[in-house]
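Student: Pasting a predicted model and its sequence here:
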Amino acid sequence: MPPRVNRPVSGSEQLGGQLTARIVEERSDGVIINGARMPATIAPISDELLVFPSTVLRGTPEDAAHPFALAVPNDTPRLRYLCRTGLHNGGNTHDEPLAVRFDEIDAVVAFDDVFMPNERIFLPGHAELCNAWWVDTGAGALMTRQVVTRTVAKSAFFPGLASEIGKALVVAAEAQAALGVDRVLLPAGTR
């Protein structure tokens, strides 16, 4: 998806049209791409990045450089990922239960005058085809299913976590009662 710094304006207008990945030069053997995209999770550790049209394009002159789909090898020169630091610090499932099981690498991919040969670019300059792509290919439904499945799997963990926290609080309360402690004792300097 195109990165957004100003929600009310289209992707082609972000930072004066310079932020979102776009075709900046057309050559007989391919195109040059500049700008950024926010790819799906774990893209930095994949072999290839698939860049799909991800927003409805208006077909205006400002949008002319934005309609395309790409298949980009991750070792393409001048392509780089800006990744968020992982939450997993090498611990085990007991010490880092969320990070070990559910951490994902989120990133922004930057195209810095990246050359894409013709055989790796699809739908260049065809806003109407890019807009229809999601519905006509069924890709929108399939990607939505993947997002929902991933989110449900993550969400199922939280009720279990809340249950375990509740159990721990009951055990702590029972221990305090057995010891005759009428309130939680905190270390000095904390409240």
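Tutor: Received, thanks.
Student: quick one, what contacts Ala43?
Tutor: Contact analysis of Ala43 by C-beta atoms under 8 Å, 6 or more residues apart in numbering lists 49, 74, 81, 105, 107, 109. C-beta here means a position set from N, CA and C on the backbone, and glycine is covered the same way.
Student: again, only this time at 7 Å
Tutor: Listed by C-beta atoms under 7 Å, 6 or more residues apart in numbering, the contact set of Ala43 reads 49, 107, 109.
Student: same thing with Val114?
Tutor: When contacts are counted by C-beta under 7 Å, 6+ apart, Val114 touches 32-33, 76, 78-79.
Student: Name whatever forms a beta bridge with it.
Tutor: Ile33 (DSSP bridges).
Student: Start and end of stretch 74-91, how far apart?
Tutor: With C-alpha to C-alpha, to the nearest Å as the measure, stretch 74-91 spans 29 Å from end to end.
Student: Name the residues of that stretch that come out as buried.
Tutor: For stretch 74-91, burial by neighbour count (16 or more other C-beta atoms under 10 Å) applies to 76, 79-80.
Student: now do stretch 122-134
Tutor: 122-127, 129-131, 133-134.
Student: export these to a markdown table and tack on pLDDT, distance to Ala175 and secondary structure?
Tutor: Shown next, in a markdown table, are the buried residues of stretch 122-134 (pLDDT from 0 to 100; distance: C-beta to C-beta, whole Å; DSSP: H, G, I helix; E, B strand; the rest coil):
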| residue | pLDDT | distance to Ala175 | secondary structure |
| --- | --- | --- | --- |
| Phe122 | 82 | 63 | strand |
| Leu123 | 73 | 64 | coil |
| Pro124 | 70 | 67 | coil |
| Gly125 | 69 | 69 | coil |
| His126 | 70 | 68 | coil |
| Ala127 | 72 | 65 | helix |
| Leu129 | 76 | 66 | helix |
| Cys130 | 74 | 62 | helix |
| Asn131 | 73 | 62 | helix |
| Trp133 | 76 | 60 | helix |
| Trp134 | 75 | 56 | helix |
